[in-house]
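Visitor: Any chance you can model this:
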Amino acid sequence: MNPIGIVICNYNKKDFVVDCIRSVQESKVQNFDIFVVDNASTDGSAEAIKKEFGDSVTVLQNKENLGGSGGFNTGLRVVLEKGYEYFVCLDDDAQVDENAINALYEYMEANPDVGMAGSRVYHLQMPEYIQQCGLMLDFKHCKAETLYADCLEDGTLPDVIECDTVATCSVMIRGSVIRETNVGIMPEDNFIYWDDMEWGHRIRLAGYRVVTLAASKALHQMGANVRKPNTFLNYYMWRNRTNFFMRYTPENMLEEMSVQALGSVFDVMYESMYREEHNIMQSISYAFHDALTGERGKAADYKILENDANDDKLITYVQKKNKFFIVEDGLEEDAMYLRNFLMSVNPKLKEVSEKGQADVVFHLCPYIFGVKDFSLKEVYIDSERCCMLDSDDVQAVQNYEYSKLLFIYMNQGIFLAAARRMRE
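Guide: Okay, the predicted model is just below:
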């Protein structure tokens with residue numbers, strides 16, 4: 001029997017998943033079996049896989065979309081039952097090089113204290129740039145930091161990078177960790193997002209190391225910059241992130257974390273209100289409520305709304321202008337994105353070299369709600385294109401700090417009580 005059971009979770013990515021499987025089958029060392037879980041795709045994925053690969057791949061078909069964690073767990077239960085020593089999880093839009101799987105296997109064989117090992121993942125469209133080398137969990141600031149994200153691969157990084165968790169894009173887990181501890185398979189009640197964060201953290205809590213390896217390389221499609229049709233991502237990201245830190249933050253950091261968590265939720269909701277993105281704000285409100293009450297699993301349909309992210313107010317403003325000037329204030333990359341946006345909105349708009357020649361001056365800032373100049377002589381704008389255009393915007397920015405303090409003050413007691421109930 002092969003020592004490795006590979007689980008690939010697919011949902012409506014027929015062409016990507018075929019490329020993923022093909023990359024695995026091109027591995028130099030064939031010490032694995034492949035199980036593809038199809039999460040009730042409607043694009044003919046399951047049929048295409050069976051036609052392309054026949055009996056060399058086992059296709060497991062879910063009757064409904066069970067999310068990332070539920071999909072992976074369909075395969076992981078089979079791999080667990082069959083007794084494989086190591087489990088590998090691959091995203092449907094990942095591709096591995098010919099040594100990737102065996103490099104993970106050999107390292108874990110030589111290092112029994114490692115419970116989870118991930119590939120060094122590169123951007124599919126820009127393979128010279130790193131997408132991630134694992135993640136670190138920041139309990140103080142209530143967030144996860146992706147290691148070496150978007151760094152150019154120049155050969156100077158360590159071959160082995162210790163981390164808190166690894167995304168399930170391309171990762172190997174020691175089977176005995178799942179069988180002999182209370183870690184379990186993926187936390188299915190997340191449905192999607194933060195499930196791999198929690199899984200890696202559980203493995204660390206069980207006393208095992210988590211690493212990523214330069215010898216194991218993978219490519220991964222990244223669609224984060226593509227506008228989503230609905231608030232699916234907004235809801236699950238905020239619910240599961242908030243819930244994670246409520247459950248796992250060390251007791252001595254709980255109060256400090258509560259301020260950060262509540263502040264983050266307030267910020268994203270206030271920004272949505274400011275940009276008149278009411279559906280996004282409503283979905284995040286549902287997510288926050290569900291995090292506090294322990295509501296898990298797949299969300300009710302009414303909580304996922306049409307994505308109403310927009311720059312309508314800014315677009316209308318820009319279309320009435322002729323000449324612009326940008327005060328960069330050291331934010332050169334933001335300036336480049338702003339230029340591209342302005343020209344796409346109004347191709348007749350021209351950039352001038354002096355402020356006095358412009359009928360609008362855009363002043364880049366780190367965060368619109370940190371601005372203290374309310375004169376409206378310049379249009380302050382941040383990287384999210386939150387900007388101050390009129391007196392209504394000025395009033396919202398002026399009210400931000402007090403409103404945030406009030407939100408934290410009103411909700412901290414409820415938040416801490418809910419967190420402590422979860423820990424019981």
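Visitor: Would you mark the buried spots in the longest strand along the chain?
Guide: Counting residues, the longest strand found in the chain (DSSP state E) is strand 209-220. Residues of strand 209-220 classed as buried: 209-220 (neighbour count, 16 or more other C-beta atoms under 10 Å). The way it works is simple: take the backbone N, C-alpha and C, and place the C-beta from them, glycine included.
Visitor: So for that strand, mean pLDDT?
Guide: The average pLDDT within strand 209-220 is 98.
Visitor: Could I have the CA atoms of it written out in CSV?
Guide: C-alpha atoms of strand 209-220 as CSV (Å, rounded to 0.1, in the frame of the first residue of the first chain):
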residue,chain,number,x,y,z
ARG,A,209,5.8,21.6,14.5
VAL,A,210,4.3,23.1,11.4
VAL,A,211,6.6,24.0,8.5
THR,A,212,6.9,24.9,4.8
LEU,A,213,9.6,23.6,2.6
ALA,A,214,11.5,25.2,-0.3
ALA,A,215,12.1,21.7,-1.8
SER,A,216,8.3,21.3,-2.3
LYS,A,217,7.1,23.8,-4.9
ALA,A,218,3.5,24.5,-5.9
LEU,A,219,1.8,27.1,-8.1
HIS,A,220,-1.6,28.5,-7.2
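Visitor: Centre of the chain to the helix or strand containing Ala396, how far?
Guide: Per DSSP states H and E, Ala396 falls inside helix 391-423. For helix 391-423, the separation from the chain centroid amounts to 24 Å (computed by C-alpha atoms, centre = their mean, to the nearest Å).
Visitor: So which elements touch that helix?
Guide: On a contact count with 3 or more C-beta pairs under 8 Å, 6 or more residues apart in numbering; DSSP states H and E, helix 391-423 meets helix 232-248, helix 254-274, helix 278-293.
Visitor: how about CSV for those, with mean neighbour count and distance to Ile49 added?
Guide: Shown next, in CSV, are the helices and strands packed on helix 391-423 (neighbours: other C-beta atoms under 10 Å; distance: least, C-beta to C-beta, whole Å):
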stretch, mean neighbour count, distance to Ile49
helix 232-248, 22, 25
helix 254-274, 19, 38
helix 278-293, 20, 33
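Visitor: Make a markdown table out of these and add mean pLDDT and distance to Asn62.
Guide: As requested, these are exported to a markdown table (pLDDT from 0 to 100; distance: least, C-beta to C-beta, whole Å):
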| stretch | mean pLDDT | distance to Asn62 |
| --- | --- | --- |
| helix 232-248 | 96 | 18 |
| helix 254-274 | 96 | 32 |
| helix 278-293 | 97 | 24 |
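Visitor: would TSV of those helices with distance to Asn322 be doable?
Guide: TSV is the format used below for the helices and strands packed on helix 391-423 (distance: least, C-beta to C-beta, whole Å):
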stretch	distance to Asn322
helix 232-248	36
helix 254-274	27
helix 278-293	32
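Visitor: right, and these - which one's nearest Cys387?
Guide: With C-beta to C-beta as the criterion, Cys387 lies closest to helix 254-274 of the helices and strands packed on helix 391-423, at 9.5 Å.
Visitor: Compute the inter-axis angle for the closest one and helix 278-293.
Guide: Helix 254-274 and helix 278-293 are oriented at 160 degrees to each other (axes from the mean of the first three to the mean of the last three C-alpha atoms, to 10 degrees).
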